[in-house]
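Asker: Sequence first, predicted coordinates after that:
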Amino acid sequence: MYPVGSNGASQAILDARELADQLAAQTSIDAALAAYEAERRGRILRDQAERIIESFANLEIEIVPQAWGEMLPLARQYGRSAYDAAYLILAERLAEKLITGDERLYNAVKGKLDWVVWMGDYQDE
């Protein structure tokens, strides 16, 4: 049974339920959100979203937990999102270069974090 009288409210309830299902089924919040959004916008069908998520899970990508307490100070320092800061922290923690095509991120840290490289300047070593 769905609420009657407000299509927007009804859709919000349905969206929340579907999003909760996607989040519960995934190890990656980003993958769950991307699959949900693509399905919701009609770009892919539900079974396609599920196959994408299954394929993603089979890649055996290591998930490295990060704390908000690490991300927020770095995000504030460079005026970037916590999402950008998470990538900066991960690259630093793994002692790897962060090769980016995100011009705003690159410009924010250029000259300050020498291990962040603009993708056009990347030279394979």
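Answerer: Alright, I've got the coordinates. Residues are numbered from 1 along each chain as shown.
Asker: which SSE is the residue nearest to Asp84 when sequence neighbours are not counted in?
Answerer: Nearest non-adjacent residue to Asp84, counting by CB to CB, 6 or more residues apart in numbering: Leu105, 5.0 Å away. Where C-beta positions appear, they are placed from N, C-alpha and C, glycine not excepted. Assigned by DSSP states H and E, Leu105 belongs to helix 103-109.
Asker: could you measure the residue nearest to Asp84 against Lys112, distance?
Answerer: According to CB to CB, to the nearest Å, Leu105 stands 12 Å off from Lys112.
Asker: Same question for Ala34.
Answerer: Separation of Ala34 from Lys112 (CB to CB): 30 Å.
Asker: Looking at those two, which one has more neighbours?
Answerer: Remark: of Ala34 and Lys112, Ala34 carries more neighbours, 17 against 9, as counted by other CB atoms under 10 Å.
Asker: For the stretch of helix or strand that one belongs to, give the mean pLDDT please.
Answerer: Following DSSP H and E, the helix or strand that holds Ala34 is helix 29-40. For helix 29-40, mean pLDDT rounds to 75.
Asker: Please apply the same query to stretch 77-93.
Answerer: In this model, stretch 77-93 has a mean pLDDT of 92.
Asker: Any buried residues in that stretch, and which?
Answerer: Residues of stretch 77-93 classed as buried: Tyr78, Arg80, Asp84, Ala85, Ala86, Tyr87, Leu88, Ile89, Ala91 (neighbour count, 16 or more other CB atoms under 10 Å).
Asker: Following element in sequence after the helix holding Ala34, please.
Answerer: Later in the chain than helix 29-40, the nearest helix or strand by DSSP H and E is helix 46-57.
Asker: Report the next helix or strand after that following helix in sequence order.
Answerer: Next along the chain after helix 46-57, taking DSSP H and E as the criterion, comes helix 68-78.
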